[in-house]
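*Asks:* sequence? don't have it. structure:
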DNA sequence: GTCAATAGTTTGTCCTGACATTAGGATGTT
DNA sequence: AACATCCTAATGTCAGGACAAACTATTGAC
């Protein structure tokens, strides 16, 4: 008890109250103020201390439980989950992930075209016959070392894409600036052996292991915006995620 | 308009009302009664039709949005997301996944021991020095064909595990019967080349691609219950998931 | 001393009500 | 006819209350 979460709620802020609580508790956990395994005060007292209603407090805790930071148990209380588990896989691009982790990614655009979509791409993006798409292949490097080989198809009725912008920023950044609000993506992760085309580009030998990902992203209007096949060097990349039981 | 969702709410059921709504809408989507892209009626009317309050209706829709089946847009309405995207990766075992998809998995227990945990396992499971764990290796087959090679370590202060039960059911089933309530798991997915030990067991050749997964699972009391390294034949298995932007 | 009934605490569910914010269409003016 | 403005409809946020269900710990009985 005496948690003293040091939370301050700014009612004049445009940020929703429950989200301010989420951010506050997240910060408390990350700074170590709330230790793993420690119990929080009960919802009603916490809400009262912050002059919030219980539903608002509960909504905040719901989010934290969903993201795996807290664990609730009826009749017992709410605990900070033992740390060491990572954040869930987010709907972000490789470029963002690398930038956020302090690296400076670079991109080589290996091919670029604006062409009519073939049948498989039309199916993946749910486009009518004759629709055109941007089709390009990129090589992503970090610290001069190649990490990923990416081939993508993007529908062309949203924003224009050119080779120069692809070389200077991530695809998702371009699309977001073009007004796309991503909502969800479905992806499949597997493995394959590097072939003679991939191996020299990724500066590895044919026969080495690659992690593969196929992804299709959907925006808030339900349109399939982008689909792509990516291949990563297995010795440099893996997908990390946290699954939460509901 | 006139959606006629055919939902029936049973107020005497122990299943929470919002969850009955979730199940009903899920069923409507899967049976095609609600087509991809179609708009739902607004929350207030839907709630009124089912004699529910709006918060209850919203809670149901929140779940569906979270799982990626619906998309909401303020001022506009709620849409069924274009199908073709799959369900999110769930906290379940390979055994369950295979059983649910109609296959009949079998398990060969290659090794089994009850031994003192070494330093790396103690760290992964957060155990004190001298603690003992179950350590075993299994080969999972479907239709007689090998699919996965799995090595696991399980803490021994929860339930007893023996070779016979491992051969007849999945690890998560054993642990659940032993009273473990899983809450979350963190896992990493990557790739590797089959080595001389793995290749013959998986009936493939050394040098072929494998998908690897390392997972640590936590129960509702915050204890690390299980950790393991798995290797799957890349030509037979891949991880499929849906990411939802919040 | 051991076991079962009980009381209290905490989260889970559900309700009614209110106002804010946003998107998009309708309206009116230029 | 083109444009800006207003209005409407829908979701987003927040409050306060009530009861149910589950777990803990205490109390009581044998």
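*Replies:* That came through, no problem. Values in this document were obtained by computation on a predicted structure and should not be read as measured data.

*Asks:* Show the contacting residues for the residue in chain A positioned nearest to DNA strand C.
*Replies:* Here chain A gets closest to DNA strand C at one residue, residue A:42, 3.0 Å apart by CB to the nearest atom of the strand. From N, CA and C alone the C-beta is placed, and that goes for glycine too. For residue A:42, the contacting residues are A:77, A:78, by CB atoms under 8 Å, 6 or more residues apart in numbering or on different chains.

*Asks:* Tell me how far it lies from residue A:243.
*Replies:* Residue A:42 sits at a distance of 27 Å from residue A:243 (criterion: CB to CB, to the nearest Å).

*Asks:* Please apply the same query to residue A:163.
*Replies:* Going from residue A:163 to residue A:243 by CB to CB gives 39 Å.

*Asks:* where do the strands sit along chain A?
*Replies:* A:70-73, A:77-80, A:105-116, A:132-142, A:145-155, A:182-193, A:209-219, A:224-233, A:239-244 (DSSP state E).

*Asks:* domains for chain A, by residue range?
*Replies:* As given by automatic domain parsing, the domain ranges for chain A are A:17-80, A:94-233.

*Asks:* and the last one, is it in reach of chain B?
*Replies:* Yes. Judged by CB under 8 Å from any CB of the partner chain, domain A:94-233 and chain B are in contact via A:126, A:181-193, A:207-212, A:216, A:218, A:220-224.

*Asks:* Would you list the buried entries among those?
*Replies:* Buried by 16 or more other CB atoms under 10 Å in any protein chain shown: A:126, A:182-187, A:189-193, A:208-212, A:216, A:218, A:220-224, out of these.

*Asks:* circling back to that earlier point, dump the domains of chain A to JSON lines, plus mean pLDDT.
*Replies:* As requested, the domains of chain A are arranged in JSON lines below (pLDDT from 0 to 100):
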{"stretch": "domain A:17-80", "mean pLDDT": "87"}
{"stretch": "domain A:94-233", "mean pLDDT": "88"}
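
*Asks:* Tabulate the ones you listed (JSON lines), appending distance to residue B:158.
*Replies:* Converted to JSON lines, the domains of chain A look like this (distance: least, CB to CB, whole Å):
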{"stretch": "domain A:17-80", "distance to residue B:158": "17"}
{"stretch": "domain A:94-233", "distance to residue B:158": "30"}
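
*Asks:* These: which one's closest to DNA strand D?
*Replies:* Using CB to the nearest atom of the strand, the nearest of the domains of chain A to DNA strand D is domain A:17-80, at 2.7 Å.

*Asks:* I'd guessed residue A:181 sits against residue A:217; true?
*Replies:* No. Residue A:181 is beyond contact range of residue A:217, at 10.9 Å (criterion: CB atoms under 8 Å).

*Asks:* Quickly note the distance from residue A:106 to residue A:141.
*Replies:* According to CB to CB, residue A:106 and residue A:141 sit 5 Å apart.

*Asks:* Please say which of those two ends up with more neighbours.
*Replies:* Comparing residue A:106 with residue A:141 by other CB atoms under 10 Å in any protein chain shown, the one with more neighbours is residue A:141, at 18 against 15.

*Asks:* beta partners for the more buried one?
*Replies:* Beta-bridge partners recorded for residue A:141 (DSSP bridges): residue A:106, residue A:146.

*Asks:* Surely it is in contact with residue A:103?
*Replies:* No. Using CB under 8 Å, residue A:141 is not in contact with residue A:103, being 9.9 Å away.

*Asks:* before we move on, back to that, which one of residue A:163 and residue A:243 has more residues nearby?
*Replies:* Ranked by neighbour count (other CB under 10 Å), residue A:163 and residue A:243 place residue A:243 first, with 22 against 13.
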